[in-house]
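Visitor: Structure for the following, please:
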Amino acid sequence: FQPGRRWASSTYPMQCSARRKNGFVVLKGQPCKIVEMSTSKTGEHGHAKVHLVGTDIFTGKTYEDIYPSTHNMDVPNIKRNDYQLICIQDGYLSLLTETGEVREDLKLPEGELGKEIEGKYNAGEDVPLSVMCAMSEGCAVAIKPCK
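Guide: Predicted structure coming up:
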């Protein structure tokens, strides 16, 4: 068993010391945005360690871990797509793609964004959404400004 390998095609390896704040990394099996990063040297024969703190890009939950700086880490392939909201049913979004297909597998986000999406939809407004996808998960992350 190798941690993180079940998403082999949706991640790629990168040396830990090459990661930067605001970049993305897989921590504890979750795709995260790096919010804090520090490097420390250990003893005379030890290796430099990198302490990473990241927030899950879908839930906002914080994860942290320590890795040797020469260790390869999984980095999630992040994709952003724009969709048009068609309807909200049973807590799920029905979204129209640019090619005219319908996507119905994303939940209405919790918190302020979810309330704003629902409010605009109930008011009859057009609601273009930006959706972030990584490691076979997806989540609406923003309402796109209307042109």
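
Visitor: so what's the residue nearest the centre of the chain up against?
Guide: Among the residues of the chain, residue 57 comes closest to the average C-alpha position under Cα atoms, centre = their mean, at 3.1 Å. Shown here is residue 57, whose contacts under the criterion Cβ atoms under 8 Å, 6 or more residues apart in numbering are 24, 31, 32, 33, 76, 78, 132, 134, 139, 141. No exception for glycine: its C-beta is placed from N, CA and C like everyone else's.

Visitor: For the host helix or strand of residue 119, C-alpha coordinates in CSV please.
Guide: Residue 119 is part of helix 111-122, with elements assigned from DSSP states H and E. Provided in CSV are the C-alpha atoms of helix 111-122 (Å, rounded to 0.1, in the frame of the first residue of the first chain):
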residue,chain,number,x,y,z
GLY,A,111,-22.4,28.4,4.4
GLU,A,112,-22.6,31.9,2.9
LEU,A,113,-21.9,30.7,-0.7
GLY,A,114,-24.7,28.2,-0.6
LYS,A,115,-27.1,30.8,0.8
GLU,A,116,-26.1,33.3,-1.9
ILE,A,117,-26.5,30.8,-4.7
GLU,A,118,-30.0,29.8,-3.3
GLY,A,119,-31.0,33.4,-2.9
LYS,A,120,-30.1,34.4,-6.5
TYR,A,121,-31.7,31.2,-7.9
ASN,A,122,-35.0,31.8,-5.9
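
Visitor: end to end, how far does stretch 78-97 reach?
Guide: Counting by Cα to Cα, to the nearest Å, you get 18 Å between the two ends of stretch 78-97.
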